[in-house]
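>>> Okay, sequence plus prediction incoming.
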Amino acid sequence: MQDYKKLISEFTKEDYETGRVNLHIHTSCSDGKSEFCEVVKNFSGLKYFAITDHNVVSGYLKNENLPDNLITGVEFDVWFGYVFCHLLAYGIDVNSEHIKPFLDNNADKANVLSRLFNKRNIKKLIEGIHKSGGIAVLAHPACYWALSLDRLFKNLKNIGLDGVECYYPYNNMRGIVKFHSKKAVIKFADKHNLIKTGGTDFHG
């Protein structure tokens with residue numbers, strides 16, 4: 001069985017910034033524009049990539065013979081106190097009974113209201129991700145309404161968080177609601193010994 005924590009921890013800043021690795025990609029299974037199989041075809045030339053649709057894994061379940069450089073993934077909407085977070089799960093067994101309770105069953109589309117008013121418990125979600133063979137990574141935290149990233153990372157690390165998305169187009173995506181700098185994200189990821197990941201949050 002692949003050790004995804006070790007694998008992903010070995011990816012470098014250069015891997016993400018040159019586009020050799022992209023761990024944040026969406027398809028029409030959630031709010032992306034392209035079909036799952038089309039995205040797989042277009043990104044299969046990368047060193048590694050991950051498709052992380054919102055709260056669903058239907059793309060993985062409906063498609064066979066996926067390439068070895070595709071890391072299974074999903075992006076969960078979840079609250080941590082007053083902070084609305086996006087939690088990326090990488091390397092999970094998409095058929096695991098431990099992850100199924102947290103998935104959105106609203107066909108293939110993640111309903112907007114269910115995303116915002118979900119009742120996922122983040123501690124149990126992280127436990128479910130780990131029991132499914134995966135790792136838990138906080139997505140684009142510079143966009144969060146968090147008073148202190150330092151405290152947020154510390155508290156999430158205490159309940160099992162493995163990593164933080166650091167290499168992400170903060171200057172392009174969600175620029176209007178960017179509250180924290182990329183430099184701060186990297187600083188506190190290092191302080192709390194969290195794996196640093198990256199991706200483009202591709203929806204095209």
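Here it is on my side, so go on.

>>> and the nearest residue to residue 83 once chain neighbours are set aside, how many residues sit next to it?
Spatial nearest neighbour of residue 83, chain neighbours left out: residue 146 (4.9 Å); criterion: CB to CB, 6 or more residues apart in numbering. Using the backbone N, CA and C atoms, a C-beta is placed for each residue, glycine as well. By other CB atoms under 10 Å, 20 other residues sit near residue 146.

>>> Tell me how far residue 146 lies from residue 81.
In this view, residue 146 and residue 81 are 9 Å apart by CB to CB, to the nearest Å.

>>> Checking my notes, residue 42 in a helix, right?
Yes - secondary structure of residue 42 (DSSP: H, G, I helix; E, B strand; the rest coil): part of a helix.

>>> Give the full set of residues in contact with it.
Residue 42 makes contact with residue 34 under the criterion CB atoms under 8 Å, 6 or more residues apart in numbering.

>>> just the strands in this protein please.
For the chain, the strands defined by DSSP state E cover 21-25, 48-51, 70-80, 83-90, 135-138, 163-167, 195-198.

>>> Now tabulate these in CSV and tack on mean pLDDT, distance to residue 181 and mean neighbour count.
Listed next are these as CSV, based on pLDDT from 0 to 100; distance: least, CB to CB, whole Å; neighbours: other CB atoms under 10 Å:
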stretch, mean pLDDT, distance to residue 181, mean neighbour count
strand 21-25, 98, 19, 25
strand 48-51, 98, 25, 25
strand 70-80, 97, 21, 22
strand 83-90, 96, 17, 22
strand 135-138, 98, 16, 26
strand 163-167, 97, 11, 25
strand 195-198, 98, 15, 22
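
>>> Residue 57 is nearest to which of the ones you listed?
strand 70-80 (5.4 Å; CB to CB).

>>> If you tally nearby residues, what's the number for the closest residue to residue 38 other than its chain neighbours?
In this structure, residue 38 finds its nearest non-sequential neighbour in residue 27, 7.8 Å apart by CB to CB, 6+ apart. Residues lying near residue 27 (other CB under 10 Å) number 24.

>>> Distance check, residue 27 against residue 182.
Separation of residue 27 from residue 182 (CB to CB) stands at 26 Å.

>>> cool, residue 37 as well?
33 Å.

>>> The residue nearest to residue 144 when sequence neighbours are not counted bridge partners, please.
Counting by CB to CB, 6+ apart, residue 144 lies nearest to residue 83, which is 5.5 Å off, once chain neighbours are set aside. On the basis of DSSP bridges, residue 83 is bridged to residue 80.

>>> Would you check that residue 83 makes contact with residue 143?
No - assessed by CB atoms under 8 Å, residue 83 is found out of contact with residue 143, at 10.7 Å.
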